[in-house]
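>>> only geometry, no sequence info:
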């Protein structure tokens, strides 16, 4: 049954009446999470249910503080009377938070879970597991061959990703489990201005934001559906990047909602920039790589997962961000390696102008739960006819 919508005024009255979140959710047919978000938005707009007080906060902007001018009625009288009050808000942050919240809430409320995809393959080994890092897809990127040597847009990206991913899966062994990783920067931009939310960099985009949002959700479904057909168990690790702080996190909620009725898939939505997985004697860490130096990641793993560190013999980080393959074992941390993965999209104008470049492709990494060391790699590069 569709949720009954509650207006801001109705919500105020229910809160003034002392009703709990659960009572409100039951009465209006809404989830408690949605009611909590509505209450938070109401408080951000200036309403104070504890004091039954509402400030004049324009356009539901986030409140960064209140300033009140008071005066004593008489020289020897401690009683006061409020004369004026200023509400300090942050319009820019408010709009971003409002947009992000609306996207995620819409996903949770309206997206219907997909029918369960049946597993019809065979399991060749349970001692090994496969990790497929999707290096920085940058969905929405547009390039011009006369400028950077290669044409790229949403249609080309969809076609190339399908071909390359299909070839990769056909060459990977039929392990029982696959860990599919979005290493970050799934979307090339993060807002309707065509910028990164973090740095406000202007980006080369193929059309309006709705166009590349739709394309990105189709691509992520293609990845996961293909893995569910090949592997008995799938874990999706979501790591937002510096290009998509907001939308990158929304990918995690989207996947979780879409596949929540399928018991063969688990999802790490991406609440933290550092995600971890332990399988047997193997401990893996996943990050985009933009929040700290690569040389700091082994120590970060040892600090965050000190118990699992002591229970494993092989420890390995997988990151994106730099757009090329590298594999390093730092002298200060001989018990952990750090790997960066390559990407499929071509160089954008910025990278081309800076003379950056590397082979384009995707890889699958096979780890042994008991041994861990010397993981096998199956690589698939972008071909001219893709």
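Cool, got the structure. No experiment lies behind these values; they were computed from the predicted model shown.
>>> Residue 146: how many residues sit nearby?
Neighbourhood size, residue 146 [other CB atoms under 10 Å]: 7. Heads up, the C-betas are built off the backbone N, CA and C, glycines and all.
>>> Report the secondary structure state of it.
Assigned state for residue 146: helix (three-state reduction, DSSP: H, G, I helix; E, B strand; the rest coil).
>>> any idea how far residue 352 is from it?
As for residue 146, its distance to residue 352 is 11 Å (criterion: CB to CB, to the nearest Å).
>>> Just the buried residues of the top helix by length along the chain, please?
What stands out as the longest helix in the chain, according to DSSP state H, is helix 209-230. The neighbour-count check on helix 209-230 (16 or more other CB atoms under 10 Å) flags 209, 212-213, 215-217, 219-220, 223-224, 226-228, 230 as buried.
>>> host element of the nearest residue in space to residue 269 that is not next to it in sequence?
Excluding the flanking residues, the one nearest residue 269 by CB to CB, 6 or more residues apart in numbering is residue 252, at 3.0 Å. Using DSSP states H and E, residue 252 sits in helix 245-258.
>>> which residues in the stretch 51-200 of the chain form strands?
All strands of the stretch 51-200 of the chain, identified by DSSP state E, counting those that start in this stretch, fall at 53-54, 62-72, 80-90, 128-134, 177-182.
>>> picking that back up, mean confidence (pLDDT) on the helix holding residue 252, please.
Helix 245-258 carries an average pLDDT of 87.
>>> and the gap between the spatially closest residue to residue 153 that is not a sequence neighbour and residue 186?
For residue 153, the nearest residue in space outside its immediate sequence neighbours is residue 206; the separation is 4.3 Å by CB to CB, 6+ apart. Plainly put, residue 206 is 15 Å away from residue 186 if you go by CB to CB.
>>> Tell me which of these two has more neighbours.
Between residue 206 and residue 186, residue 186 has the larger neighbour count (other CB under 10 Å), namely 28 against 19.
>>> what about that one, distance to residue 139?
In terms of CB to CB, residue 186 sits 6 Å off from residue 139.
>>> what do the two both touch?
By CB atoms under 8 Å, 6 or more residues apart in numbering, residue 186 and residue 139 have these common neighbours: residue 216.
>>> hang on, the earlier thing: so what secondary structure elements neighbour the longest helix of the chain?
Helix 209-230 is packed against helix 154-171, strand 177-182, strand 233-238, helix 245-258, with contacts defined by 3 or more CB pairs under 8 Å, 6 or more residues apart in numbering; DSSP states H and E.
>>> right, so of these, which gets closest to residue 342?
Closest of the helices and strands packed on helix 209-230 to residue 342 is helix 154-171, at 11.5 Å (criterion: CB to CB).
>>> mind listing what's buried in that closest one?
By neighbour count on 16+ other CB under 10 Å, the buried set for helix 154-171 is 154, 156, 157, 158, 160, 161, 164, 165, 167, 168, 169.
>>> now stretch 282-301
282-290, 294, 297-298, 300-301.
>>> Next, format these as JSON lines and append pLDDT.
Shown next, in JSON lines, are these (pLDDT from 0 to 100):
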{"residue": "282", "pLDDT": "96"}
{"residue": "283", "pLDDT": "96"}
{"residue": "284", "pLDDT": "97"}
{"residue": "285", "pLDDT": "96"}
{"residue": "286", "pLDDT": "96"}
{"residue": "287", "pLDDT": "94"}
{"residue": "288", "pLDDT": "91"}
{"residue": "289", "pLDDT": "86"}
{"residue": "290", "pLDDT": "84"}
{"residue": "294", "pLDDT": "87"}
{"residue": "297", "pLDDT": "92"}
{"residue": "298", "pLDDT": "92"}
{"residue": "300", "pLDDT": "92"}
{"residue": "301", "pLDDT": "95"}
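>>> Quick check: the farthest pair among these?
Applying CB to CB across the buried residues of stretch 282-301, the maximum distance is between 282 and 290, 24.9 Å.
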